[in-house]
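> structure for this input, please:
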Amino acid sequence: MKNLPWTNYLIEFVTVVLGILLAFGLNTYYSNQIEQERVSHYLEGVKLEIQENFIEVEDKLAYHKDILIQLSKNPENVILRLKSASVKNYAWQIAQENSISQHISYKLYRKLAEIYAMQLLLEQNGTEASNMMSHVNVLSPFYIVGVDVNDEEAMEFAKSVKTGWIPIFEDFVHYEEKLTKLYMEALVML
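Okay, here's the model as predicted:
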């Protein structure tokens, strides 16, 4: 019992402990690398989605600005057609379901959340405006049915109905301008 090689046992013990710690460290490093690749993949999907949405919103913004100009100059000759931006949020939903918020900066996550909240507001605005337009298009001819009106009065009525749409198109322009600004800021961050 007196001649036990304690030094050899101690060296073997330290070697085993260091081997285990090294294995744990490598495993953690490898897991983090895989997680970073996964986050990068989700962020790339979000970036592509934002780029596509940016193009869509910019197109509708130009259309809505043109409608506003026409409504302010010559409302009776404007053909009102709503063209809501068809924006997507699939990549964002998938990223959120996979806890991306734990792996990106708060600033980036907040910017992305703000974008998708604004997209929802734009979509709701489009739905409300579409419902209002359907209501006006169905009912407005009946406002003058049975009333003896001349062409001038009918044109004045059409003009007043159409100029009533100016605030609605101004809302579209407001949301779309704000959204394009948010898109540009996020694309810089991504």
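> beyond the helix or strand bottoming out on mean pLDDT in the chain, next helix or strand please.
Of the helices and strands making up the chain, the lowest-confidence element is helix 151-163, at a mean of 63, by mean pLDDT, DSSP states H and E. The helix or strand immediately downstream of helix 151-163 is helix 166-189, counting by DSSP states H and E.
> packing partners of that next one?
helix 6-73, helix 106-143 (3 or more CB pairs under 8 Å, 6 or more residues apart in numbering; DSSP states H and E). Backbone N, C-alpha and C define where each C-beta goes, glycine included.
> may I see the buried residues of that helix?
168-169, 171-173, 175-176, 178-179, 182-183, 186 (16 or more other CB atoms under 10 Å).
> swap in stretch 96-116?
Across stretch 96-116, burial judged by 16+ other CB under 10 Å covers 96, 100, 103-104, 108-109, 111-112, 115-116.
> report the backbone C-alpha coordinates of that stretch in CSV.
Listed next in CSV are the C-alpha coordinates belonging to stretch 96-116 (Å, rounded to 0.1, in the frame of the first residue of the first chain):
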residue,chain,number,x,y,z
GLN,A,96,-40.2,33.0,-34.9
GLU,A,97,-41.4,29.5,-34.5
ASN,A,98,-37.8,28.4,-34.3
SER,A,99,-36.9,30.9,-31.6
ILE,A,100,-34.7,33.2,-33.7
SER,A,101,-35.1,36.0,-31.1
GLN,A,102,-32.7,34.2,-28.8
HIS,A,103,-29.9,34.3,-31.4
ILE,A,104,-30.1,37.8,-32.9
SER,A,105,-29.7,41.3,-31.5
TYR,A,106,-32.6,42.9,-29.8
LYS,A,107,-32.3,45.9,-32.2
LEU,A,108,-32.7,43.6,-35.3
TYR,A,109,-35.5,41.6,-33.7
ARG,A,110,-37.4,44.8,-32.8
LYS,A,111,-37.0,46.2,-36.3
LEU,A,112,-38.3,43.0,-37.9
ALA,A,113,-41.2,42.8,-35.5
GLU,A,114,-42.0,46.5,-36.3
ILE,A,115,-42.0,45.7,-40.1
TYR,A,116,-44.4,42.8,-39.7
